[in-house]
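Colleague: Structure for the following, please:
(one chain, ligands or ions: 2)
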Amino acid sequence: MGRESLVEAVRRAGVVGSGGAGFPAHVKLQAKGIDTYLVNGAECEPLLEGDRALMASRAPELVSAAETVAEALGAKPVFALKEKYREAAEALAKAGATVAASRDYYPLGDEVILIWETLGRIVPEGSLPLDVGVVVNNVETVLNIHGALQGRPVTHTFVSSGGAVASPGLFRAPLGASAREVIEASGGVTIPDPVYVDGGPMMGRYADDPDFPVTKTTKAILVLPRDSLLARMEQMPVKTMLKQARVSCCQCNQCTLACSRYLVGIGIEPHRIMRTMAFEETRNREVLQMALLCSECNLCSALHACPMGLSPRRVNQQIKKLFREEGIRPSFPQRALSVHPLRDYRLLPSSRLKARLGLDKYDVEVPYRGELEVTEVTILLKQHAGAAAATLVASGDVVAEGDCIAAPPEGALGARIHASLGGVVKSVDGQRIVLSRQG
Ligand code: SF4
Ligand code: SF4
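Modeller: Ligands and ions are numbered 1, 2, ... in the order given. Predicted coordinates for the structure are as follows:
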């Protein structure tokens, strides 16, 4: 298949990166000078194993789609996963894939880390994987590309439930189903005072209630105790964090020595960012822009590194927001990069992270439980990187599953959105479309 036809099929189907920020896949597939198409099956967050199940059960579709994409890019397809995913590796190899198996540490699924681990290439500061000849898509994205090549738009996503629920499971959920419905289908909450996480415990979004919709980037819905260290770190206001940093940051450097990006040779030193934010009146812009190199993996915080209960990650998020709001574009001088000589000794095995976070009690088998049946969905118009999609339907319209109901404004970066169930448009506003099943 030619590249133009592939890009057009993927664009029409509304495929976005299923992990992370939801970058529109058709844009990535236009990259030039690519030699490797890396399928990211490393899924490194504790309690997330949906991609592992997909690789084991849908290998022929994944391999076929990866080969089609790689051929269009002029690249070689490689599936990158953890050594312990033996069943998935065997299924992929049987379907003809090249598999690269890596050690099980966190955050292996960060594409910068995965590219180093798998290919031995460092993505320079301010650059993208395509600058080192690599396009990375995660497993579910590739499955959605397979669907797009058959003319099927993205209407559902694979979501696992975990943590303090009675019967954790993996579901195929319509976009716009609520996290509450995923939890109810998992037997309900088993603790008295929970918080809800959209994603993994280290990098997911924490919420006080489960009435938020599943989107194209939702990989898991977790339930955790409100008084857990994880929830407390996420919910502390950044202002409070900075006040605490003034009192207690001892500049011990532990956050930098644990930083996953620093260890792979990237010029980010969270202890220096903390110093300039907490203590310096004239903030050094060169230091602040280091925050833009942060993957938000959370290893620098009290969850792993900081002995004083701080979270440089939360501070970095705030700096990123300020840079965005003020339209400041960073510039990173080109320089030779090399991996830290002690990196191998500082890697954090996933099992140790799970134990440290008190999550090993939730580490159970997550069986596939089929389709999540719902009667109403709330579909967000922005569930991808770029501009929100503009609605193509009005209240009272009747739609079929798979109809395109919203599309990006002319010329803007974004992705099309399709009805995840057949029914009536109950309401539309600037942020969401509510569909109700008919009959
Ligand atoms: S680890 Fe904590 S106390 Fe040490 S420098 Fe980093 S933020 Fe400060
Ligand atoms: S969250 Fe912390 S450890 Fe992770 S990349 Fe950012 S600064 Fe480094």
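
Colleague: how far does stretch 422-433 sit from the chain's center?
Modeller: 26 Å (C-alpha atoms, centre = their mean, to the nearest Å).

Colleague: for stretch 244-254, same thing?
Modeller: On C-alpha atoms, centre = their mean, the centre of stretch 244-254 falls 29 Å from the chain's centre.

Colleague: One more: stretch 393-400?
Modeller: On C-alpha atoms, centre = their mean, the centre of stretch 393-400 falls 31 Å from that of its chain.

Colleague: dump the residue contacts of the residue of the stretch 101-250 of the chain found nearest ligand 1.
Modeller: Of all residues in the stretch 101-250 of the chain, residue 249 sits closest to ligand 1, at 3.4 Å by C-beta to the nearest ligand atom. For glycine as for every other residue, the C-beta is placed from the backbone atoms N, C-alpha and C. Under the criterion of C-beta atoms under 8 Å, 6 or more residues apart in numbering, the neighbours of residue 249 are 271, 274-275, 278, 308, 310.

Colleague: tell me the phi and psi of it?
Modeller: phi -70, psi 120 (degrees, to the nearest 10).

Colleague: How about residue 81?
Modeller: Here is the backbone geometry of residue 81 (degrees, to the nearest 10): phi -150, psi -180.

Colleague: Thought residue 102 was touching it, still the case?
Modeller: Yes. Taking C-beta atoms under 8 Å as the definition, residue 81 is a contact partner of residue 102 at 7.4 Å.

Colleague: The two: which has the busier surroundings?
Modeller: residue 81 (28 against 18; other C-beta atoms under 10 Å).

Colleague: separation between the residue of the stretch 101-250 of the chain closest to ligand 1 and residue 367?
Modeller: In this structure, residue 249 and residue 367 are 45 Å apart, going by C-beta to C-beta, to the nearest Å.

Colleague: same check, this time on residue 241
Modeller: 39 Å.

Colleague: In terms of neighbours, single out the busier of those two.
Modeller: residue 241 (22 against 12).

Colleague: so who does the closest residue to ligand 2 within the stretch 1-150 of the chain touch?
Modeller: Proximity of the stretch 1-150 of the chain to ligand 2 (C-beta to the nearest ligand atom) peaks at residue 107, 7.4 Å away. For residue 107, the contacting residues are 44-45, 113, 202, 260, 295, 297, 299, by C-beta under 8 Å, 6+ apart.

Colleague: Turn those residues into TSV, including neighbour count.
Modeller: Below are the contacts of residue 107 laid out as TSV (neighbours: other C-beta atoms under 10 Å):
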residue	neighbour count
44	23
45	24
113	24
202	25
260	25
295	21
297	24
299	25
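
Colleague: Of those residues, which are in range of ligand 2?
Modeller: Residues of the contacts of residue 107 in contact with ligand 2 (C-beta under 6 Å from any ligand atom): 260, 295, 297, 299.

Colleague: out of the residues you listed, what pair is the most spread apart?
Modeller: Taking C-beta to C-beta as the measure, the ones next to ligand 2 among the contacts of residue 107 span a maximum distance of 9.4 Å, between 295 and 299.

Colleague: residues shared between the contacts of those two?
Modeller: Contacts common to residue 295 and residue 299, judged by C-beta under 8 Å, 6+ apart, are 107, 260.

Colleague: Any idea how far whatever helix or strand residue 316 lives in is from the middle of the chain?
Modeller: Element membership of residue 316, judged by DSSP states H and E, is helix 312-325. Remark: helix 312-325 is offset 18 Å from the chain centroid, using C-alpha atoms, centre = their mean.
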